[in-house]
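Novice: following is a predicted model, sequence given first.
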Amino acid sequence: MSITPLDDGLLGPDAVAWRVIGHPGALVGGLRSLIIQSLHPLAMAGVAEHSDFRRRPLERLKRTTYYVAATAFGDRATAEDAVRRVRRRHASVRGTDPVTGRPYSADDPDTQVWVHITEWHSFLAGYRTFCGPLDPADEDRYMREGRVIGSLLGTPAERIPGSLEEARAYFEAVRPELRGSDWARDAIRFVIDPPLTRELLPLQVPLRLMASAAVALVPRDLRRLAGIDRPWAIDVAALTAVRPLLVLGMVPVARELFGLAAGRPTQELIVSRAAGAGRRAA
């Protein structure tokens, strides 16, 4: 049965984000963001000590992509419900990072900005690579749309980069805080070399191809920090190998996670994801 959305959501169908995140290249961008996010010690500590990604990696990926889809594409009620669920989970994510000795919290605005902007910028990096560049004005508009989404968890919108120039300045400022810790390297290995579990076995080929392509999109200095640098020729081969899968829509996980065929996740997909999340939370 078709379910009609109540409204056009927080961004609306004319949003640049609907084009960028609705493209299959966003999946590669999403994996890129996981690699880069791991290099921030406070964000990584929260994941290492509170996430179930090792036991249920596909479920963790689905929860993340559902949140992106619900807030960027869903109607307002769907987006607000997704935000409430994440806030409840974040309430218990706090502790002390053993790498820096600093306290961490998923509700910390600095950490929220890091997680959001690496993800939002990575979606754009994937789109540029596999679809082509946007007009500079559209790219800045996309970053401003990201402020709407990034502020949903409580971070003031003015703290979130709203243009590419602001994003570049942000990344330059935060670069000295990044670390290639044991936790970071373990998480990154998990992304680029997914375990042969029953859950992931059917997706091994597309996941590994997309992860290798994601590495090619990570800035060279961050790759060296993470210990995953490699020759330029391997990057070219990785991008060449994954491109037909994305262009032809042959990545099986893409439709399930984003509902890409319609350019927007179907409302049935969003509702089913929310129902499943509600059963798990009960």
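Specialist: Looks like it arrived, so ask away. Numbering: from 1, shown residues only.
Novice: just the strands in the stretch 101-250 of the chain please.
Specialist: 103-105 (DSSP state E, counting those that start in this stretch).
Novice: name the single longest helix found in the chain.
Specialist: helix 109-130 (DSSP state H).
Novice: can I get the CA coordinates of that helix in PDB?
Specialist: C-alpha atoms of helix 109-130 as PDB (Å, rounded to 0.1, in the frame of the first residue of the first chain):
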ATOM      1  CA  PRO A 109      28.300  20.300  20.100                       C
ATOM      2  CA  ASP A 110      31.900  20.100  18.900                       C
ATOM      3  CA  THR A 111      31.500  16.300  18.400                       C
ATOM      4  CA  GLN A 112      28.200  16.700  16.700                       C
ATOM      5  CA  VAL A 113      29.600  19.300  14.200                       C
ATOM      6  CA  TRP A 114      32.500  16.900  13.400                       C
ATOM      7  CA  VAL A 115      30.200  13.900  12.800                       C
ATOM      8  CA  HIS A 116      27.800  15.900  10.700                       C
ATOM      9  CA  ILE A 117      30.200  17.900   8.600                       C
ATOM     10  CA  THR A 118      32.400  15.000   7.700                       C
ATOM     11  CA  GLU A 119      29.300  13.000   6.600                       C
ATOM     12  CA  TRP A 120      27.600  15.900   4.800                       C
ATOM     13  CA  HIS A 121      30.900  16.900   3.000                       C
ATOM     14  CA  SER A 122      31.600  13.200   2.100                       C
ATOM     15  CA  PHE A 123      28.200  12.800   0.400                       C
ATOM     16  CA  LEU A 124      29.200  15.800  -1.800                       C
ATOM     17  CA  ALA A 125      32.600  14.200  -2.500                       C
ATOM     18  CA  GLY A 126      30.900  11.100  -3.600                       C
ATOM     19  CA  TYR A 127      28.500  13.000  -5.800                       C
ATOM     20  CA  ARG A 128      31.300  15.000  -7.400                       C
ATOM     21  CA  THR A 129      33.200  11.900  -8.200                       C
ATOM     22  CA  PHE A 130      30.500   9.800  -9.700                       C
END
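Novice: helices or strands next to that helix in the packing?
Specialist: helix 16-21, helix 25-37, helix 41-50, helix 136-150, helix 164-174, helix 204-217, helix 232-247 (3 or more Cβ pairs under 8 Å, 6 or more residues apart in numbering; DSSP states H and E). Heads up, the C-betas are built off the backbone N, CA and C, glycines and all.
Novice: and the second one, how far out from the chain middle?
Specialist: Relative to the centre of its chain, helix 25-37 is centred 6 Å away, using Cα atoms, centre = their mean, to the nearest Å.
Novice: repeat for the third one
Specialist: Mean-position distance between helix 41-50 and its chain equals 16 Å (Cα atoms, centre = their mean).
Novice: the fifth one now?
Specialist: Taking Cα atoms, centre = their mean, one finds helix 164-174 lying 18 Å from the centre of the chain it belongs to.
Novice: okay, the closest residue in space to Ile117 that isn't next to it in sequence: pLDDT?
Specialist: The shortest distance from Ile117 to any non-neighbouring residue, by Cβ to Cβ, 6 or more residues apart in numbering, is to Pro161 (5.7 Å). In this model, Pro161 is scored at 98, pLDDT.
Novice: wait, Met143 touches Leu164, no?
Specialist: Yes. In terms of Cβ atoms under 8 Å, Met143 counts as a neighbour of Leu164; the distance is 6.1 Å.
Novice: how far away is Leu10 from His121?
Specialist: 19 Å (Cβ to Cβ, to the nearest Å).
Novice: how about Val20?
Specialist: For Val20, the distance to His121 - Cβ to Cβ - is 11 Å.
Novice: look at these two and report which has more neighbours.
Specialist: Val20 (26 against 23; other Cβ atoms under 10 Å).
Novice: residues in contact with the more buried one?
Specialist: For Val20, the contact set (Cβ atoms under 8 Å, 6 or more residues apart in numbering) comprises Ala26, Phe123, Leu124, Tyr127, Leu134, Tyr142.
Novice: filter these to the buried ones?
Specialist: Among the contacts of Val20, those classed as buried by 16 or more other Cβ atoms under 10 Å are Ala26, Phe123, Leu124, Tyr127, Leu134, Tyr142.
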